[in-house]
Every structure is written in C-alpha cells, then in structure tokens.
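Pasted the sequence and its predicted model underneath.
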Amino acid sequence: MTDQTQFVATPSVDLSRKPFDVALISAASAAQGQIDFALTGLVGPVPDAMKYATAGGKGLRAFLAIETARLHGFHAGQSSFAAGAIEALHAYSLVHDDLPCMDDDDMRRGQPTVHKKWDEVTAVLAGDALQALAFQLVHFTGCPAEARSNLSVTLAIAAGARGMVGGQAMDIAAETADDPLTLDQIMALQTGKTGALITWSAMVGPRMAGRNIDPLGKYGDCLGLAFQIADDVLDIEGDAAEVGKAVGKDAAAGKATFVSLLGLQGAKNRAAELVAEACDALSGYGGDAETLKDAARFVIARRK
Ligand code: IPE
Ligand code: IPE
Ligand code: MG
Ligand code: MG
Ligand code: MG
C-alpha cells in the first residue's frame, strides 16, 4: 500500500461562478471521485457498502465546501478532498441513523438501507470506516498545512459529541422524554445533528484561506437549521418515492422537530426567515456569492 491517496486526474482549475444546479452536480461527482479513488482495489462487503452508501446523495455538503473554497480562490482540484471528506462523514451518519437501534429505516436515497442490503454488522463497520475515510481525505486538501490541520480538528469537533453525535443523542432521547422540548432545546438538537456538518462545509473556504470564518459560519448556521426544517416538513408533506426514504415517521416516533413545536406553517415561515438571514450574511462577498444564495433558496424549495 502507498501513501498516495489523492485523485489527481484532470483537476478543474476553473474559478468562474456556475449556476447552482451545475455546481451541485459537479461537486457531488468530485467528492465521489475522491471517495471511490481512496477505495480503489478494496473488495468485500464493507468497502462495497461504503461505495453504495456514498452514492446517490444530493451532494449539498460537497457543494458548500467546493463553492466556498472557490470564493476564496481555491479550485475544485484543491477542495474536492474536503468535499469527499464531508460526504463520507455524512454518509456514515446516515448509515448509522438508519440502523434498527436508531431510526430503523429500510429505504435511503431510493434504495434499501445498508443494513437491509447487507446486515447490521456491515452497516456498523461501513459507517465506522467512512468516518475514518473522512479524516484520511481531509488531510489532502490543497491548502497550507496549518489550514489543513484546522480543517481536521474542526471536522472532529463537528462530527463528535459537541456536534452531530451530540445532536443525534438529543434526538433519540427526545423520543422518550416526559415533556416536549422547548424551542431552545430543539435549536440545540438541530444545530448539532444537522447543522454542525453543514456549517463545517460552509466554512471550508475561509478556513483553507485562513480568512474570517464568521460570515460563512453565520450562513452555514442558518442554512443548517433551514435544511433540517425542510427535512422535517418533507417527512410530513413529501412523497416517499420522490424523497427516497420513508415519510411520516417523525410524529409516530415522537421526534422533537420545529414542526412538532411550531406547526407546519410556523416551521415553513421560520425556514424562510433563516434563508433570508443566510443570504444577508453573504453581503460582503458581493455578486460572486449568488450561487450560495441560490443554494439557500434550494434548501427549502427542494422535494427530496
Ligand atoms: C439527510 O441529508 C439527513 C439530514 C441531515 C436531514 P440530505 O438530505 O442531505 O441527504 P442526501 O445526502 O441528499 O441523501
Ligand atoms: C439525521 O436526521 C441526521 C443525521 C444523520 C446526522 P434524520 O433522522 O431526520 O434524517 P433522515 O430523515 O433519516 O434522512
Ligand atoms: Mg434520525
Ligand atoms: Mg433518520
Ligand atoms: Mg428526517
């Protein structure tokens, strides 16, 4: 085995702004390219399940990483490692989220979940290995060593007990809590379980460049909350075939969501306010941030 795990074929050096739909597809494919390359030659259920679990997502987090890097002068050949890292980490979070001991889901991205297609052991191990792969990939991000190390440690915090895992723990605990959560508690839950990885993705660009992370941090925080509200709304209003996963499960499981607290319309209003706040946070970037603004609008308009 060699230490050479970079996928360096024809990296794009194009720094021009693209429409959101084009940028999203190209970011998803750049992230997938890094993941698949890192898994080259591996055979067996765990690597097969890793490839399966990372395929077919929207690639929103990869997009945020690559687009915010572009805003700071880094091309996709440099940022696709961070994009692959966050998509691998996100895929791990979904594989474990779907396990019978968590949300017990059979469908993900229109396909059987990993524990249904293989078994629980494979799902646990593929998730574990995807998390490790994220830290392998982020290490190769094309920026100065200090910025790279900053990306790694902040990814660890975003993924862990102060971030995604902490939010997931609150989400599961809320199912059996005696009293409904307050708005502040739901915000803390969502900020962890969904927000932490989305905010990390949005801060990739300024972190790579060693620049002020606050505007994109604010954008990411608002976007993350709006994103999870849209996910909760889709659980009620969405069509399972279109969404690609079961719907109507949150209320049945006693999940604490913005919708459970504010009602459907109240939650949608809150999401629209958050999108406006996210866009406002980008004012310092001028017209070059239009694609990120379109991404914020997409997050609450999406049907899957
Ligand atoms: C789903 O995330 C899980 C949540 C955090 C709400 P996405 O809707 O981004 O899932 P994919 O990656 O596109 O399948
Ligand atoms: C999952 O939230 C968030 C993470 C995996 C960290 P949900 O449980 O609401 O996501 P879906 O609805 O299963 O995609
Ligand atoms: Mg869940
Ligand atoms: Mg779930
Ligand atoms: Mg959900």
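Structure's in. What do you need? Numbers count the residues shown, from 1 in each chain. Ligands and ions are numbered 1, 2, ... in the order given.

residues from this structure in reach of ligand 4?
97, 103 (Cβ under 5 Å from the ion). (C-beta placed from N, C-alpha, C; glycine too.)

Would you mind giving the secondary structure of Gly142?
When classified by DSSP: H, G, I helix; E, B strand; the rest coil, Gly142 comes out as coil.

Arg148: neighbour count?
If you count neighbours by other Cβ atoms under 10 Å, Arg148 ends up with 18.

To which secondary structure element is it assigned?
helix 145-159 (DSSP states H and E).

Check which helices and strands that helix is in contact with.
helix 76-97, helix 120-138, helix 196-202, helix 204-209 (3 or more Cβ pairs under 8 Å, 6 or more residues apart in numbering; DSSP states H and E).

In TSV, list those helices along with distance to ligand 1 and mean neighbour count.
Shown next, in TSV, are these (distance: least, Cβ to the nearest ligand atom, whole Å; neighbours: other Cβ atoms under 10 Å):
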stretch	distance to ligand 1	mean neighbour count
helix 76-97	6	27
helix 120-138	13	20
helix 196-202	8	28
helix 204-209	16	25
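
Same list (those) but as CSV, adding distance to ligand 2 and mean pLDDT.
Putting these into CSV (distance: least, Cβ to the nearest ligand atom, whole Å; pLDDT from 0 to 100) gives the following:
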stretch, distance to ligand 2, mean pLDDT
helix 76-97, 4, 98
helix 120-138, 10, 98
helix 196-202, 7, 98
helix 204-209, 18, 98
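
who wins for proximity to Phe298 among these?
helix 196-202 (13.0 Å; Cβ to Cβ).

Pull the residues that contact the helix or strand bottoming out on mean pLDDT in the chain.
Least confident helix or strand, the chain: helix 250-253 with a mean of 90, by mean pLDDT, DSSP states H and E. Contact with helix 250-253 is made by 103, 175, 232, 235-236, 257, 259-260, as judged by Cβ atoms under 8 Å, 6 or more residues apart in numbering.

Using CSV, write out every CA atom in it.
As requested, the backbone C-alpha atoms of helix 250-253 are provided in CSV (Å, rounded to 0.1, in the frame of the first residue of the first chain):
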residue,chain,number,x,y,z
ASP,A,250,-41.2,11.6,12.9
ALA,A,251,-44.5,12.2,14.6
ALA,A,252,-45.0,8.5,15.0
ALA,A,253,-41.6,8.1,16.7
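
Return the set of buried residues in it.
Buried residues in helix 250-253, counted by 16 or more other Cβ atoms under 10 Å: Asp250.

Return the distance of it from the chain's centre.
For helix 250-253, the gap between its own C-alpha mean and the chain's C-alpha mean amounts to 23 Å (Cα atoms, centre = their mean, to the nearest Å).

That helix near ligand 1 anywhere?
No: applying Cβ under 6 Å from any ligand atom, one finds helix 250-253 separated from ligand 1 by no less than 10.8 Å.

what residues does whichever helix or strand comes after that helix touch?
Next helix or strand after helix 250-253 toward the C-terminus (DSSP H and E): helix 258-280. Applying Cβ under 8 Å, 6+ apart, the external contacts of helix 258-280 come out as 180-181, 183, 186, 190, 218-219, 222-223, 225-226, 228-230, 232-233, 235-237, 250-251, 257, 293, 296-297, 299-300.

so who does the residue nearest the centre of the chain touch?
Among the residues of the chain, Arg61 comes closest to the average C-alpha position under Cα atoms, centre = their mean, at 4.4 Å. Contact analysis of Arg61 by Cβ under 8 Å, 6+ apart lists 83, 86-87, 90, 197-198, 201.

Quick check: residues of the chain near ligand 3?
97, 103.

what about the residue of the chain found nearest ligand 4, which SS state?
Per Cβ to the ion, Asp103 is where the chain lies closest to ligand 4, at 3.6 Å. Here Asp103 is coil, with the state taken from three-state DSSP.

I figured it was touching Leu94, is that so?
No: look at Asp103 against Leu94 with Cβ atoms under 8 Å: they stay out of range, at 9.7 Å.
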